[in-house]
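> coords below, sequence missing:
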């Protein structure tokens, strides 16, 4: 019994990712001793927060069977509108207010997706490509296109909120930012939801076999709607954290990061046709992508190579998952032929 | 007083786009009874089970569950009354565990919020124990064999308090041994008072397991009685139906003519073996055999759809071999599929386009390949008239045509392509009875005009009615050839049942 469970753990996608992650870290450390320094680890974690939350938002819709292209636009718009609304307000506002605003706006944009995908039954990829463009256009035309470099005080306070601090190799102070805790909390909530609530299981069911789900009386429409709202809410959260960490509200800089997120989720073992995927795998995928990018920077390789590597990772991990399944099907077919004979 | 039956169906009618699929079907299912619903493809049996499970709505008639009439049946009501369908695809979630597959649907209906995984596993194990099946509940559904998937689907149905389990063609892809397991599970359920409705067209299985047998043909119930009062040949006779009247088929065969097409020693591993046959001008030939006899595969190989391993083909004495359908058509050989909607027509295209699609190359007016729309319009109009195709106009999409009319468009397509020999696989599958005879008449007209017709069919009366000669396939070879004097329903049925 024990031997079987060890084998099971070893054959899990997450385990393989973890081993690759460790190997990469060791290789990085050998090439550059600064790699595993506390400062660099903190930096990598901090830069993983935004991508991690985006990846979880993307994961929920991917398990449902849809590829969401609108989360960068939702994040940009929610963040930018929140900042614009907060700027005229003087004085102290509680830290929670901008978060509630941005997440609320994200949920609202997500609800637009939800109506189109859930209640009208339209394909996620096309709907979100559409809403991406609409939201982006709306933002730039009606809200503004300027960089806001003077953020509201409350966000600057947030950006300085470290759990603890340490001095880096070159003497600068590096801290473990509190947003790492936010990512952890979001990850735990999403993981519990997906694994231990019937709402989460409905998401897997619909992504796995929508026809069966309908026959079983699962309310596909409302599940899809709620999932879209949730995904939008997470995008709004990630957008705000992003702008606070880079200390500028830029309506453009999140747009175009979607490939990194998709790469992380796919690398994390989620199925591109739905029905499978885990939070742990996704987080490992995010860390791996960040580690690759980070080590490329440390090695002094031009940043264009990051695009190259990320694209390669998407193609490779898709190929591997696709071949895994087709290999399985082939084996099964062979077996069936043998049985008939 | 007798016990109230679990389910009564009374005089149910159902139309689809003007085609009557069910014409007054009645059925009674007692508690704990294993009842078999048999009939050929397209007889309406799958429509009937979809009406019972609430997937379709009946046009008229009554559905009575345990003495209480249900005016509108929906999937939800059906499930709440204990009616469960085990579909041919089993309706499982591939990447989920067996445990979850069994328990999920029921827990969802109970509006539960949180998943207790150890409870889910133990519930699933209990459900599998009830049907005495031992499957690891932690593996994913996609890793199971088809037989085990089916058992899981049955366990899932029972877990939702099924009182009636409907199984749609449950034995299609099972081995003998797996069928034994399935049947013992079903018998165990029946002893506990669960009714079983088995939809099947496999005669031997029907006789083995069921207590009652209902046979449907062309949307009506032919007979419903204790299974013990049937024999294999009487079942097949009820299923295929009696002939109206034997018309004189063919009659255009000239003596001593050379064959138009002859094949010899045609072989393809695992499909057919050493098949030799010839088709003569003026003939209407029938080809039949049980499912899996290789008859369709041979024909597809001849018509250039699939390759064959070895053997020779001659057209008018000249050796040939088609590497593609185009070459076959050029040589004068056409093939009409039995799966009209997915393989035959272009559903979203017009009748006109569908009719000329095999002869586009002949419809050009100059060397540039420009289509001659005047000529096309005329040809389509005259062919539509010749075949009596009922439609709004030739620009109507073919998917809106009835099965019979769509099939006539197919005939028109091959007539325009000037083929000399036409293979028709199941020419009247999904075609209602009136249009059936219409199509027979058109086939005979085409035959008189010089086209050799080869009908591949399960429909024995169809063969008797139309063919000059019938070839019977079994296990990939021709086992019997009948001349015109030997062809009768009895002789074909007897030969077929001797092969079962």
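Nice, thanks for sending it over. These numbers were taken from a predicted model, which means no experiment stands behind them.
> For the rest of this, base every contact and every neighbour count on C-alpha atoms.
OK.
> For chain A, what's the nearest residue on chain B?
Residue of chain B nearest chain A, by Cα to the nearest Cα: residue B:114 (4.2 Å).
> and that residue, how many residues sit next to it?
When neighbours are defined as other Cα atoms under 10 Å in any protein chain shown, residue B:114 has 16 of them.
> quick one: it from residue A:201, how far?
Between residue B:114 and residue A:201 the distance is 10 Å, computed by Cα to Cα, to the nearest Å.
> What about residue B:333? Give its phi and psi, please.
For residue B:333, the backbone dihedrals are phi -120, psi 130 (criterion: degrees, to the nearest 10).
> now residue B:380
Dihedral pair for residue B:380: phi -60, psi -40, per degrees, to the nearest 10.
> what's near enough to touch it?
By Cα atoms under 8 Å, 6 or more residues apart in numbering or on different chains, the contact set of residue B:380 is B:352, B:355, B:356, B:394.
> now the second one, nearest residue through space, not along the chain?
With Cα to Cα, 6 or more residues apart in numbering or on different chains as the criterion, residue B:355 has its nearest non-adjacent residue at 4.3 Å, and that residue is residue B:413.
> One more: residue B:330?
Closest to residue B:330 by Cα to Cα, 6+ apart is residue B:419, at 8.0 Å.
> wait, doesn't the one you found sit right on residue B:327?
No: Residue B:419 lies out of contact with residue B:327 (Cα atoms under 8 Å); the separation is 11.7 Å.
> quick one, which of the two is more surrounded?
In this view residue B:419 and residue B:327 are compared by other Cα under 10 Å, and residue B:419 has more residues nearby, 21 against 15.
> now the residue of chain A found nearest chain B, nearest residue through space, not along the chain?
Taking Cα to the nearest Cα, chain B has its nearest neighbour within chain A at residue A:197, 4.2 Å off. Spatially, and ignoring its direct neighbours in sequence, residue A:197 is nearest to residue B:114 (4.2 Å; Cα to Cα, 6+ apart).
> Strands along chain A, start to end?
Along chain A, the segments classed as strands by DSSP state E run A:162-167, A:173-177.
> which residues of chain A fall in helices?
A:2-11, A:13-31, A:38-63, A:71-86, A:96-114, A:124-138, A:153-159, A:179-196, A:198-208, A:210-215, A:220-246, A:258-267, A:279-298, A:304-340 (DSSP state H).
> ok, now the stretch 1-150 of chain B?
Assigned by DSSP state H, counting those that start in this stretch, the stretch 1-150 of chain B shows helices spanning B:45-52, B:75-80, B:98-109, B:117-130, B:146-159.
> want to throw the strands of chain A into a markdown table with mean pLDDT?
Converted to a markdown table, the strands of chain A look like this (pLDDT from 0 to 100):
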| stretch | mean pLDDT |
| --- | --- |
| strand A:162-167 | 78 |
| strand A:173-177 | 81 |
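> deepest of those strands, which one?
With neighbours defined as mean count of other Cα atoms under 10 Å in any protein chain shown, those peak in mean count at strand A:173-177, which reaches a mean of 18.
> relative orientation of that strand and strand A:162-167 in degrees?
Interaxial angle of strand A:173-177 relative to strand A:162-167 (axes from the mean of the first three to the mean of the last three Cα atoms, to 10 degrees): 150 degrees.
> coming back round to it: in TSV: the helices of chain A, plus mean pLDDT.
As requested, those are arranged in TSV below (pLDDT from 0 to 100):
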stretch	mean pLDDT
helix A:2-11	61
helix A:13-31	85
helix A:38-63	91
helix A:71-86	95
helix A:96-114	96
helix A:124-138	95
helix A:153-159	87
helix A:179-196	95
helix A:198-208	93
helix A:210-215	85
helix A:220-246	95
helix A:258-267	90
helix A:279-298	88
helix A:304-340	66
